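S.K.: the following comprises the amino acid sequence and a computationally predicted model.
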Protein chains: 2
Amino acid sequence: MAVQGKTKHEVLSAFRTAEILGAARKVFAEKGFNDATMDQIAEAGGLSKGTVYLYFPSKRDVYLAALMHGAQELGILTAQRMAAVEGFRAKIRAFFQTRLQYLEENRDFFQIYHSEFGNIMHPVALCQDFRDLYLKNLVAFESLLKEGMEAGEIRASNLPTIASAIYDMAKGTMMRRLIGPTGTSVDEDVETLTDLAWKGISN
Amino acid sequence: MAVQGKTKHEVLSAFRTAEILGAARKVFAEKGFNDATMDQIAEAGGLSKGTVYLYFPSKRDVYLAALMHGAQELGILTAQRMAAVEGFRAKIRAFFQTRLQYLEENRDFFQIYHSEFGNIMHPVALCQDFRDLYLKNLVAFESLLKEGMEAGEIRASNLPTIASAIYDMAKGTMMRRLIGPTGTSVDEDVETLTDLAWKGISN
DNA sequence: CGATTTTCTGACTCGTCAGTCATTATGGCC
DNA sequence: GGCCATAATGACTGACGAGTCAGAAAATCG
């Protein structure tokens, strides 16, 4: 029994949930929230619509789960990679590197991630949690810049605006890479962005 | 007859069209494309649904017209303001200034504008024209940077990536200002961004 | 191998809306 | 006013898709 402390039921449930989320990611990425149907998700996951509803109460919940799963992973990964290197230039570089690389490995997820930003300012409707996570990560990044400022590596300036701008350099570059081929490699883009950002903020 | 060379019909038609677009902008901004209904748009414009269909063939066309109208205006305005000043730092500053200011004056439009970016990589579906316009403006901006590079004001680097990054600083800052109060004034943000970008790219 | 419980299924319901069109209002003109 | 043309209306239709649930299938067990 002590094996993972999981009942058979829990294992099966986790398995199905993962199966559904994988399918959902694919379908939502391709069609967007509104044009994706539960039947398509079920089909992509090789099960029936009824089964999907056994594991998720609504379409929105499936979407949310797919979105938040990736967003949390990305946030954690980014924080880890930044923490793992010394010096603020290297941290900024790690920031870009992690995100652009994660993009290449999770294109489906980023279709969803980026389109969600389109809705982030709407009535709250679709996803307060996502918005909160975004703002949380942004604030964390801002604190990091503040440390850099106090350490004298980064020049004094309006940190919230700066933090947001750097975040958005990454986001925009990712979008551009999603739309189509860019003629630049990930590494090139990482260097270019790091350079731009670092020259922009360093003392 | 020579008055504007317009028939009565044309005048009325232009009037109704503008009326509908104004209402559409408001409703689409508030609800997003999918959750906005034609009845709501008609009501907001003080006319009936049938009338809307006399001037636009479909919901998507109303949306497109609202989107493209603002996007074109913004593109033209930005280009003009940049052309009107001397020196590349000033041009970059004008770029940020124009956009952030236009945001304050056209919040409804920007709700639509930004959410459209969420769809920009999808099946093409919603708006090839918008995508094309975006890329056109981006390329134009890139050319401007190239001039700056050739003039020795801007250091050599990967221009497409740089241009995109600067565009996205503006876009992201606008989004942040749309989501909620930021504690910074437009002018502060303009200075901060100009500084960041200019230090990032200048020689 | 039944009996019983758990899991799955997909045809069905029911609300919603884009788009239509027969009917009504408006206004210009003699 | 009476006639016609043009503009506007809003009840209606048809499609679609989220969510349901009665029953089928599969797993578990004695």
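M.R.: It's in.

S.K.: for chain A, what lies in contact range of DNA strand C?
M.R.: Contacts of chain A with DNA strand C, taken as Cβ under 7 Å from any atom of the strand, map to A:His9, A:Leu12, A:Arg16, A:Leu47, A:Ser48, A:Lys49, A:Gly50, A:Thr51, A:Tyr53, A:Leu54. For glycine as for every other residue, the C-beta is placed from the backbone atoms N, C-alpha and C.

S.K.: tell me the least confident of those residues?
M.R.: Ranked by pLDDT, the residues of chain A next to DNA strand C bottom out at A:His9, which has 77.

S.K.: burial measure for it, as a count.
M.R.: Residues contacting A:His9 under the criterion other Cβ atoms under 10 Å in any protein chain shown number 8.

S.K.: in stretch A:143-153, what's buried?
M.R.: A:Leu144, A:Leu145, A:Gly148, A:Met149, A:Glu153 (16 or more other Cβ atoms under 10 Å in any protein chain shown).

S.K.: could you write me a ChimeraX select line covering just the buried ones among the residues of chain A next to DNA strand C?
M.R.: The ChimeraX selection below is limited to those of those classed as buried (16+ other Cβ under 10 Å):
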select /A:16,47
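
S.K.: now for the residues of chain A next to DNA strand C, which pair is the farthest apart?
M.R.: A:His9 and A:Lys49 (21.5 Å; Cβ to Cβ).

S.K.: coming back round to it: quick check, nearest of the buried residues of stretch A:143-153 to A:Asp129?
M.R.: Using Cβ to Cβ, the buried residues of stretch A:143-153 come closest to A:Asp129 at A:Leu144, 22.8 Å.

S.K.: and chain A, split by domain according to the record?
M.R.: A:1-56, A:60-201 (automatic domain parsing).

S.K.: ok, now which ones touch the closest residue to DNA strand C within chain A?
M.R.: The minimum distance from chain A to DNA strand C, using Cβ to the nearest atom of the strand, falls at A:Gly50 (2.0 Å). Neighbour list for A:Gly50: empty [criterion: Cβ atoms under 8 Å, 6 or more residues apart in numbering or on different chains].

S.K.: ok, and the closest non-adjacent residue to A:Gln72?
M.R.: A:Leu133 (6.9 Å; Cβ to Cβ, 6 or more residues apart in numbering or on different chains).

S.K.: burial of that neighbour, as a residue count?
M.R.: Number of residues near A:Leu133 (other Cβ under 10 Å) recorded here: 17.

S.K.: got the buried residues for the lengthiest helix in chain A?
M.R.: Counting by DSSP state H, the longest helix found in chain A is helix A:8-35. For helix A:8-35, burial by neighbour count (16+ other Cβ under 10 Å) applies to A:16, A:19-21, A:23-33, A:35.

S.K.: could the buried residues of stretch A:143-153 go into JSON lines alongside pLDDT?
M.R.: Listed next are the buried residues of stretch A:143-153 as JSON lines, based on pLDDT from 0 to 100:
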{"residue": "A:Leu144", "pLDDT": "95"}
{"residue": "A:Leu145", "pLDDT": "95"}
{"residue": "A:Gly148", "pLDDT": "95"}
{"residue": "A:Met149", "pLDDT": "95"}
{"residue": "A:Glu153", "pLDDT": "94"}
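
S.K.: and which of those residues is nearest A:Ser202?
M.R.: Scanning these for proximity to A:Ser202, where the rule is Cβ to Cβ, the winner is A:Glu153, at 6.4 Å.

S.K.: grab the nearest non-local neighbour of the closest one.
M.R.: A:Phe88 (4.7 Å).

S.K.: surely that neighbour meets A:Gly148?
M.R.: Yes. Contact criterion Cβ atoms under 8 Å: A:Phe88 and A:Gly148 qualify, at 4.0 Å.

S.K.: for the residue nearest the centre of chain A, what are its contacts?
M.R.: When Cα atoms, centre = their mean is applied to chain A, the residue found nearest the centroid is A:Ala71 (3.5 Å). By Cβ under 8 Å, 6+ apart, the contact set of A:Ala71 is A:Tyr113, A:Phe130, A:Leu133, A:Tyr134.

S.K.: rerun at 10 Å
M.R.: Listed by Cβ atoms under 10 Å, 6 or more residues apart in numbering or on different chains, the contact set of A:Ala71 reads A:Phe109, A:Ile112, A:Tyr113, A:Glu116, A:Cys127, A:Asp129, A:Phe130, A:Leu133, A:Tyr134, A:Asn137.

S.K.: so which of the residues you listed are in helices?
M.R.: A:Phe109, A:Ile112, A:Tyr113, A:Glu116, A:Asp129, A:Phe130, A:Leu133, A:Tyr134, A:Asn137.
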